[in-house]
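please work out how this folds:
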Amino acid sequence: MTQKTVLVACVGKKATLPRPARDLYTSAWFKKASAYAQQIGDQWFILSAKYGLVSPDQVIASYDETLNRMPVAQRRAWADKVLQVLHHEVHAGDVIIILAGQRYREFLIRPLEARGCQVEMPMRGLRIGEQLRWLNRRLEGQHG
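Next comes the predicted model:
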């Protein structure tokens, strides 16, 4: 059976004490993106710069890492780590929706497509304010 998996990027704004990943990230963007992921996905995960692919219920500690400052070799190694876990969760024919910037998705797309998944990046090319508006419209049920 085909399933829809949503991948949501981590953000810099975090709570200070360890908690389930869904509650660790505190920015408005993350709250909206994770709400949208829950609304449309059969399952969703967080793309964490430090921990890799994280289940929303996994308890993790705060950290100060981002792929945006990592050299390409490190980003490639991070993506390989994410894909190792993700390959247990997704199958040929599945739809993968990535709500993440270029550095978080760059080395995930081809391997997922090669696995037979349909990869969608609905907010590609949108600036942060545009992403928030896009998410707001979908959470309110307006797709225009």
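
spatially nearest residue to Arg138 (excluding sequence neighbours)?
Leaving aside its sequence neighbours, Arg138 sits nearest to Tyr36 (CB to CB, 6 or more residues apart in numbering; 5.6 Å). C-beta coordinates here come from the backbone N, C-alpha and C atoms, glycine included.

neighbours around that neighbour, how many?
22 (other CB atoms under 10 Å).

do the one 10 residues further on as well
By other CB under 10 Å, the residues close to Ile46 number 27.

would you agree it falls within a strand?
Yes. Under DSSP: H, G, I helix; E, B strand; the rest coil, Ile46 sits within a strand.

what does the host helix or strand of the residue nearest to Arg138 rub up against?
Using DSSP states H and E, Tyr36 sits within helix 28-40. Identification of contacts with helix 28-40 by CB atoms under 8 Å, 6 or more residues apart in numbering yields 4, 6, 8-11, 13, 22, 25, 44, 46, 56, 97, 99, 128, 131-132, 135-136, 138-139.

in that helix, what's buried?
By 16 or more other CB atoms under 10 Å, the buried positions in helix 28-40 come out as Trp29, Phe30, Lys31, Lys32, Ala33, Ser34, Tyr36, Ala37.

what of stretch 128-136?
Buried, per 16+ other CB under 10 Å, within stretch 128-136: Gln131, Leu132, Trp134, Leu135.

cool, and stretch 3-16?
So for stretch 3-16, counting by 16+ other CB under 10 Å, buried means Lys4, Thr5, Val6, Leu7, Val8, Ala9, Cys10, Val11, Lys14.
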